[in-house]
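**Q** sequence and predicted structure, then a few things I'm wondering about:
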Amino acid sequence: MNEQIIKDAKEYIESLLVDESTGHDVDHIYRVYRTSLEIAKDYPNSNLFYISLAALLHDVDDSKIFKTTNNENARKFLANRVNKEDEESIIQIINEISFSKNKDKTPTSLEAMIVQDADRLDAIGAVGVARAFAYGGNQNRPLSKSIEHFHDKLLLIKDKLNTEAAKRIGEERHQFLLDFLEEYKKETRD
Ligand code: ADP
Ligand code: NI
């Protein structure tokens, strides 16, 4: 694997995502990157170079933050560093990760399944709770709106995970959401 390209990708995302406050900050990217590599340990045949770059670049064209089209930011990075075939494969992985773009479509590659799982795992558990309220705050929404988001989206994630490794991690994080909601309900009851 070309370590220099991975290092450059880290610098690139750090420069693009500085000041990000909708829940797609640099820490989110690094968590997704690390979790992807953790899940990939179960899949020795997966392409770690694709997984690493897709994880690092997966939010650089997110429409909540950037106005780019055709994955412009990701392509700008990849164009002079990898060949066309690798560029297209990595872009396809990135495009298959997004929850909103794909609804219930299953990713077509093992690499996309792994990074999609890592991205989704970051929306549940304690980090998921924190991100939901951070997002609500960024949009000037009351706490109750973020609680709705738990029911609309976050509680459904556990059953949409692709890989066994992610399902194991997801089980515990899902339970944390349920415990949190129960306690929240108790404290807000009138
Ligand atoms: P992804 O980066 O996986 O495509 P999103 O952009 O949909 O995910 O969401 C990023 C983060 O913001 C997630 O943690 C998600 O739970 C949170 N989020 C998205 N929409 C809402 C919402 N309407 N209310 C509260 N949190 C939200
Ligand atoms: Ni993400």
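**A** Yes, it's here. Since the structure is predicted, the reported quantities are computational estimates derived from the model, not experimental observations. Ligands and ions are numbered 1, 2, ... in the order given.
**Q** from here on, just use CA atoms for contacts and neighbour counts.
**A** OK.
**Q** settle this for me: Tyr50 is touching Glu111, isn't it.
**A** Yes. Contact criterion C-alpha atoms under 8 Å: Tyr50 and Glu111 qualify, at 7.1 Å.
**Q** ok, those two, which is more surrounded?
**A** The neighbour comparison of Tyr50 against Glu111 (other C-alpha atoms under 10 Å) goes to Glu111, with 29 against 21.
**Q** show me what contacts the more buried one?
**A** Applying C-alpha atoms under 8 Å, 6 or more residues apart in numbering to Glu111 gives the contacts Ser46, Asn47, Tyr50, Ile51, Ile93.
**Q** please name the nearest non-neighbouring residue to the last one.
**A** Counting by C-alpha to C-alpha, 6 or more residues apart in numbering, Ala112 is the residue found nearest to Ile93 once chain neighbours are left out, at 4.7 Å.
**Q** so for the one you found, what's the pLDDT?
**A** Per-residue pLDDT puts Ala112 at 97.
**Q** and Phe99, by the same measure?
**A** 59.
**Q** tell me which element the residue nearest to Ile93 falls in.
**A** Element membership for Ala112, per DSSP states H and E: helix 110-121.
**Q** do that helix and ligand 1 meet at all?
**A** Yes. Judged by C-alpha under 6 Å from any ligand atom, helix 110-121 and ligand 1 are in contact via Asp119, Arg120.
**Q** does ligand 1 have contacts with the helix or strand that that helix is followed by?
**A** Per DSSP H and E, the first helix or strand lying C-terminal to helix 110-121 is helix 125-138. Yes. With C-alpha under 6 Å from any ligand atom as the measure, helix 125-138 is seen reaching ligand 1 through Gly128, Arg131, Ala132, Tyr135, Gly136.
**Q** and which of these is nearest ligand 1?
**A** Ala132 (3.5 Å; C-alpha to the nearest ligand atom).
**Q** separation between that closest one and Gly23?
**A** Counting by C-alpha to C-alpha, to the nearest Å, the gap from Ala132 to Gly23 is 8 Å.
**Q** buried residues in the helix holding Ala112?
**A** Buried residues in helix 110-121, defined by neighbour count with 16 or more other C-alpha atoms under 10 Å: Leu110, Glu111, Ala112, Met113, Ile114, Val115, Gln116, Asp117, Ala118, Asp119, Arg120, Leu121.
**Q** test my guess that the fourth one contacts Lys160.
**A** No. With contact taken as C-alpha under 8 Å, Met113 and Lys160 are classed as non-touching, separated by 10.5 Å.
**Q** and the contacts of stretch 18-35?
**A** 13-14, 17, 52, 55-56, 58-59, 64-65, 115, 118-119, 122, 131-132, 134-135, 138.
**Q** can we see that at 6 Å?
**A** With contacts defined as C-alpha atoms under 6 Å, 6 or more residues apart in numbering, stretch 18-35 is touched by Leu17, Ala55, Leu56, Ala118, Asp119, Arg131, Tyr135.
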